[in-house]
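K.L.:
Sharing a sequence plus its predicted fold:
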Amino acid sequence: MPRPYSRAQALQNAAFLKELARTGNARDAARTLGLNRSMLTKRRNADPDFAQRWEGALALAAAALADTNVSPDDARLVRSKGRLQLRATRARHIDTAAEQAFLRALTATANVRLAASAAGFAHSSFYARARRHPGFAREMRLALAVGAERLEMALLESGLPEANVHDQWRHNDPPPIEPMTVQQAMLLVAWNDRRQKELVNPAFGPKRGESNAAWKDRCAKEYRVAWLLDEEERRLVSYAQLEWRRGGRRAEWEPMTPDEDLREAVKAVRGRT
């Protein structure tokens, strides 16, 4: 006995059978609904009831198409295995416009399947074209290289302090702190302080069962992490100061430049007088 269908699977089967009864073409019916034809074929092989309804839909389609004298504009009427069916007419020729659309999408994604889908063809068609045409194969390699480099640069730039991708929270009002006791607040402060020290400070001795070489390697990695964190903090401060000079808005916790410190001191002195 086949496993019971879920609601989504039952709806897929019903929609597929309805489309199959209209066209008599299982491949085009599955493609129209965005379903995998092999998945439906496996269901037909495992479920005799679904297989019988499949054959019934094909018979209904053949009977309906036998009375059709003129095929629709977007399909052609053909006979397959003794039965009439509708086949969608699609342009199978990759022209220059399709090549350019594929290569343009390839430079943005570095993904052949996505680029081919954006151009409206199967990825195997472009692979076959690259095997037949050395010039197109060269352009395809160049487009892949450009796309991979653009993705790598975007990934690197997204982690820089100058990216301005995730810093909107600095200029918003912070949410209120949940009520807590003094003991809870001290525990949170101590836990955060210990976590920061564990991230940036190397251990002063090897752990139990740790060899001297492993301890030195761990200390070197922790020193590298500490150096990177310090470098990131310096770059954040430099960028914040640069934005402030350009007239940008600065968060309260960001440090001021020496000129701003001097102006604040002058204001304080004038205020006393």
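P.N.:
Noted; the coordinates are in hand.

K.L.:
all strands for the stretch 51-200 of the chain, in order.
P.N.:
Taking DSSP state E, counting those that start in this stretch, the strands of the stretch 51-200 of the chain run over residues 75-80, 83-88.

K.L.:
which stretches of the stretch 101-250 of the chain have low pLDDT?
P.N.:
Filtered on pLDDT under 70, the stretch 101-250 of the chain yields the residue ranges 161-168, 170, 195-206, 240, 243-250.

K.L.:
swap the cut-off to 80 and go again
P.N.:
In the predicted model, the stretch 101-250 of the chain carries pLDDT under 80 at residues 154-175, 192-210, 215, 222-223, 225-226, 228-250.

K.L.:
mind listing the helices for it?
P.N.:
Remark: helices assigned in the stretch 101-250 of the chain by DSSP state H, counting those that start in this stretch are 112-119, 123-132, 134-158, 182-200, 212-245.

K.L.:
by contact count, what packs against the third one?
P.N.:
Right, helix 134-158. helix 96-109, helix 123-132 (3 or more CB pairs under 8 Å, 6 or more residues apart in numbering; DSSP states H and E). Glycine gets a C-beta too; all of them are placed from N, C-alpha and C.

K.L.:
Touching it from outside, list them.
P.N.:
Outside helix 134-158, the residues within contact range by CB atoms under 8 Å, 6 or more residues apart in numbering are 99, 103, 106-112, 126, 129-131, 163, 165.

K.L.:
show me the contacts for residue 33.
P.N.:
Shown in contact with residue 33 (CB under 8 Å, 6+ apart): 12, 15, 16, 19.

K.L.:
Look up phi and psi at it.
P.N.:
phi -90, psi 0 (degrees, to the nearest 10).

K.L.:
circling back to that earlier point, mind putting the helices and strands packed on helix 134-158 into TSV with distance to residue 212 and mean neighbour count?
P.N.:
Rendered in TSV, the data for the helices and strands packed on helix 134-158 read as follows (distance: least, CB to CB, whole Å; neighbours: other CB atoms under 10 Å):
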stretch	distance to residue 212	mean neighbour count
helix 96-109	48	17
helix 123-132	53	14
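
K.L.:
And the ones you listed: which comes nearest residue 217?
P.N.:
With CB to CB as the criterion, residue 217 lies closest to helix 96-109 of the helices and strands packed on helix 134-158, at 38.6 Å.

K.L.:
and the closest one, what does it pack onto?
P.N.:
Packing partners of helix 96-109 (3+ CB pairs under 8 Å, 6+ apart): helix 112-119, helix 134-158.

K.L.:
neighbouring contacts of it?
P.N.:
94, 112, 114-116, 118-121, 126, 129, 136, 139-140, 143-144, 146-147, 150.

K.L.:
make it 10 Å
P.N.:
Helix 96-109 has contacts (CB atoms under 10 Å, 6 or more residues apart in numbering) with 91, 94-95, 111-112, 114-121, 123, 125-126, 129, 133, 136, 139-151.

K.L.:
Just to check, residue 45 is in contact with residue 39?
P.N.:
No. Using CB atoms under 10 Å, residue 45 is not in contact with residue 39; the gap is 11.1 Å.

K.L.:
before we move on, back to that, quick one: the contacts of residue 33 as TSV, columns for pLDDT, distance to residue 181 and neighbour count too.
P.N.:
Below are the contacts of residue 33 laid out as TSV (pLDDT from 0 to 100; distance: CB to CB, whole Å; neighbours: other CB atoms under 10 Å):
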residue	pLDDT	distance to residue 181	neighbour count
12	89	56	20
15	90	59	14
16	90	62	24
19	87	65	21
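
K.L.:
and which of these is nearest residue 190?
P.N.:
The nearest member of the contacts of residue 33 to residue 190, counting by CB to CB, is residue 12 at 56.0 Å.
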